[in-house]
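Asks: no FASTA, just this:
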């Protein structure tokens, strides 16, 4: 068992004071501790944005790459070292917008990674433009007459694409979120957790507005019920069911056949391919009589 | 002997198969073959050719004229007839009336013979191979052995049908061949390795320890990832990414986690990767990027060749960071440079771009048996046991910090695309951290430059005219010099395989310098003028999508 404090990082935090991102950070540290993982066994991968700074605030391996590209980097990390717990943590603009295509194909690949989306429904670091999840009609610092296109429905898309763990959390409920994250990280294959994270600087509504509208998924909801899960996953205005929306039996995970061949070892530990074998390959180019 | 054979047909008509069979016949009879192909970007139809250059010594450079034209259809015959030498030979179902001075005509009804002797139309390729072997003076036994080996896996019936069709083509050609065109090639004991650079590079990458490749299919680079996917013995995980951006980020993630990793693409995909190349420079994570060039801009000519991306490869990516750019000229040099690319990427923790092109991707050379370098450097990751508190970007005199993979030896590794502290965390310390980080990255570039090998010098000692080239054009330029020297001109060449960082080098002697390049603007010339102050007088550039050959150079001599 590890303690959440072991995951505390001395790096100065750049978030706005009072930002619900702090709730996600605390929930993640608790989840990792509950899973008993040592910091060096965890790799946090992010793109760009305020949410993408989270890995710096956790005492664990960090790959803070480019905007939208956390998913492919995480896939490479996971293949190269399957022993690491690889967790993507970034914003809705990063993962649903700039990197949306990668996420779609990640559902198909089903790598054993957890994807945590800080969904604040706004571009915060660039000062208040519409994001893929901004509701239609909401005025922003770029969409002055209101966002004219519909928000993306990535949780429903995940279910349709075969993702076997889909959840919605709320950054204002640290305990509940920690438990969702623990389950997501433990789940084999890709798990997607969309976390409602109200932006206290650029957001349309204060945290209290969200708190009034966050409701647990119904007690009788069976997460294996795909039809009901789809309904819960599809955004309805002014109501946010939180909890595990969908959980199906794990599918084979990405690169399983290769791991079988390599004994699941990190690629860095594999011996070089036998030189003589490769020399034989080269000798096969000689055309004999 | 120096014979150029064109096999012409539409896409899907099997000229590659015929070319491969006939090339193997020559090679197993002891004669080196240089095989190229040119084709249109389509699956069926159009016009394409496979070109075999056969000699008593290897001449691994293209020829644009033909001694023999084997045409599968009339359209291809009409299209390629202009390349045929006046004393050449046409082999086809309808070669037309012979002219007064030739070319010679050999009428072979491929399909009727295939149906009559093989039982099906699809054996027409074997009829054609038989006719070509007879015209080339090869004994039928050679063709029999090659065909038997090629079709052995498909069963005895298929072998028998192919042999019967080939025999029919061979016999008819032997009978109908004009007297003047008859000859017989004596068997020789010489043996050659026959392969393209894209066939040797995956093996070299495996020898270098490459365990991960992600790529998006794009001509002419696709053969690289295909080789890894087809051959699990090469040991690498191969993934077709959803786009080139994903491909390079997957490879960078794998590399950061400790795997030697690569990607392969062509110009358009490379453009998509540009941001990630800058990332590799910033996070100091090794990666090898194979850039197989084709003519641009944009989609350009997808199946043709060019050397148009040199300036781009050297500059791709925003900001300032070190990289290396290499361009081999043949399949053996491709082995050496691929292994060197992984080593330098790893030791200096930066991106290395290995440039080929469609010509080099497809052209099969006849060379002495391929060899791996005696020493293949081991991975350059640090030993965690020897490190105190781990600092990923620790400042050192060389600019190179001990690199660990995530979690290696129980250590925590932090990598960041922002400007970062030595610990790998975001910083805006403009007074101390940023200047030190810039200096660190550029110090690596300075040291890398000292490791770059000089270009190859060919007959420059007495040259008054020096042709300067890079990458895949070396053998064509060398042949051009042979011809020019035979005409009494004092010509030599300088050929660059390691292009960036440019080695510090003065022009070796007072002479007129021209670059020979597969582009229209003289990208190497600009580089040598701008970076080294070389007095380049001009450029002989080719940008029509075809490879540079000796005749092209000779005819454009200043």
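Replies: Everything's here; your move. Just so it is clear, the model here is predicted, and its values are computed rather than measured.
Asks: residue contacts, residue B:165?
Replies: B:113, B:114, B:117, B:118, B:123, B:124, B:126, B:127, B:130 (Cβ atoms under 8 Å, 6 or more residues apart in numbering or on different chains). Where C-beta positions appear, they are placed from N, C-alpha and C, glycine not excepted.
Asks: give me the number of residues near the one residue in the stretch 151-289 of chain A that gets nearest to chain B?
Replies: Closest to chain B within the stretch 151-289 of chain A is residue A:268: 3.0 Å, counting by Cβ to the nearest Cβ. The local packing of residue A:268 (other Cβ atoms under 10 Å in any protein chain shown) involves 20 other residues.
Asks: wait, doesn't it sit right on residue B:378?
Replies: No - Residue A:268 is not in contact with residue B:378 according to Cβ atoms under 8 Å; the separation is 11.6 Å.
Asks: what's the residue of the stretch 151-289 of chain A closest to chain B sitting at in phi/psi?
Replies: phi -70, psi -20 (degrees, to the nearest 10).
Asks: How about residue B:423?
Replies: phi -80, psi -10.
Asks: Not counting its neighbours along the chain, what's nearest it?
Replies: Spatial nearest neighbour of residue B:423, excluding adjacent residues (Cβ to Cβ, 6 or more residues apart in numbering or on different chains): residue B:391 at 5.6 Å.
Asks: Can you verify the one you found is assigned to a helix?
Replies: No - read with DSSP: H, G, I helix; E, B strand; the rest coil, residue B:391 is coil and lies in no helix.
Asks: Can you report how many residues lie near residue 225?
Replies: Since no chain was named, I'll use chain A. When neighbours are counted by other Cβ under 10 Å, residue A:225 comes out with 14.
Asks: actually chain B
Replies: Applying other Cβ under 10 Å, I find that residue B:225 has 26 neighbouring residues.
Asks: doesn't residue B:269 make contact with it?
Replies: No - using Cβ under 8 Å, residue B:225 is not in contact with residue B:269; the gap is 11.7 Å.
Asks: list the contacts for residue B:557?
Replies: Residue B:557 neighbours (Cβ under 8 Å, 6+ apart): B:465, B:484, B:489, B:540.
Asks: what is the first one paired to in the beta sheet?
Replies: Read that as residue B:465. Bridge pairing for residue B:465 (DSSP bridges) gives the partners residue B:491, residue B:512.
Asks: hang on, isn't it packed against residue B:553?
Replies: No - applying Cβ under 8 Å, one finds residue B:465 not in contact with residue B:553, separated by 11.3 Å.
Asks: Specify which residue of those two has the higher count of neighbours.
Replies: residue B:553 (25 against 18).
Asks: Go ahead and confirm that one touches residue B:516.
Replies: Yes - counting by Cβ under 8 Å, residue B:553 touches residue B:516, with 5.9 Å between them.
Asks: Now the common contact residues for those two.
Replies: With Cβ under 8 Å, 6+ apart as the test, residue B:553 and residue B:516 both reach B:467, B:477, B:480, B:540.
Asks: In contact with residue A:90, which residues?
Replies: Applying Cβ under 8 Å, 6+ apart, the residues near residue A:90 are A:46, A:47, A:48, A:49, A:51, A:52, A:70, A:99, A:116, A:117, A:118.
Asks: where do the contact lists of residue A:268 and residue B:378 overlap?
Replies: Residues touching both residue A:268 and residue B:378 by Cβ under 8 Å, 6+ apart: none at all.
Asks: on that earlier part again, farthest-apart pair in the contacts of residue B:557, please.
Replies: B:489 and B:540 (14.4 Å; Cβ to Cβ).
Asks: any chance you could map the strands in the stretch 151-289 of chain A?
Replies: Along the stretch 151-289 of chain A, counting by DSSP state E, counting those that start in this stretch, strands occupy A:165-170, A:191-196, A:214-216, A:240-247.
Asks: the more surrounded of residue B:489 and residue B:540?
Replies: residue B:540 (20 against 14).
Asks: Which elements pack onto whichever strand or helix holds the more buried one?
Replies: Under the criterion of DSSP states H and E, residue B:540 resides in strand B:536-541. Other elements packing on strand B:536-541 under the criterion 3 or more Cβ pairs under 8 Å, 6 or more residues apart in numbering or on different chains; DSSP states H and E are strand B:512-517, helix B:523-527.
Asks: Mind listing what's buried along it?
Replies: Applying a neighbour-count criterion of 16 or more other Cβ atoms under 10 Å in any protein chain shown, one finds B:536, B:539, B:540, B:541 buried in strand B:536-541.
Asks: Out of these, which is nearest to residue B:368?
Replies: Of these, the one sitting nearest to residue B:368 (Cβ to Cβ) turns out to be residue B:540, at 30.2 Å.
Asks: Just to check, the closest one is in contact with residue B:553?
Replies: Yes - with contact defined as Cβ under 8 Å, residue B:540 counts as touching residue B:553 (6.2 Å).
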